[in-house]
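Trainee: Structure, please.
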Amino acid sequence: MGAGDSGDRVREVQWLLDWWGYYGDPLDGRYGPVTSTAVENFQWEYGIVDSATWRCLRDGGEV
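Mentor: The predicted model follows:
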């Protein structure tokens, strides 16, 4: 999942990022620049949500 995506899964990512302290905007379900930056800050990488990022968001830990 990455820039331009939208929907419930993006909203879940936003919620999880907010839970971990990386996202502070409204949960709008749109994967825009704020979501991308929050993902980059969470994972220290590319700003896309791959399987490793999903696992870490849901279970904690490092990417």
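
Trainee: hmm, which helix or strand of this protein has the shakiest average pLDDT?
Mentor: Lowest by mean pLDDT, DSSP states H and E among the helices and strands of the chain is helix 51-59, with a mean of 82.

Trainee: Please point out which parts of that one sit buried.
Mentor: Residues of helix 51-59 classed as buried: 53-54, 56-57 (neighbour count, 16 or more other C-beta atoms under 10 Å). C-betas here are computed from N, CA, C, even on glycine.

Trainee: Could you look up the SS state of residue 18?
Mentor: Following DSSP: H, G, I helix; E, B strand; the rest coil, residue 18 is assigned to helix.

Trainee: That one: neighbouring residues, count only.
Mentor: 15 (other C-beta atoms under 10 Å).

Trainee: Likewise for residue 17?
Mentor: 23.

Trainee: Next one: it from residue 30, what distance?
Mentor: 13 Å (C-beta to C-beta, to the nearest Å).

Trainee: go on, residue 41?
Mentor: In this view, residue 41 and residue 30 are 18 Å apart by C-beta to C-beta.

Trainee: And residue 9, by the same measure?
Mentor: 12 Å.

Trainee: what's the answer for residue 60, then?
Mentor: Taken as C-beta to C-beta, the span from residue 60 to residue 30 is 25 Å.

Trainee: more crowded one of those two?
Mentor: Higher neighbour count among residue 60 and residue 30: residue 30, with 18 against 9, using other C-beta under 10 Å.

Trainee: Just the pLDDT at the more buried one, thanks.
Mentor: Looking at residue 30, its pLDDT is 98.
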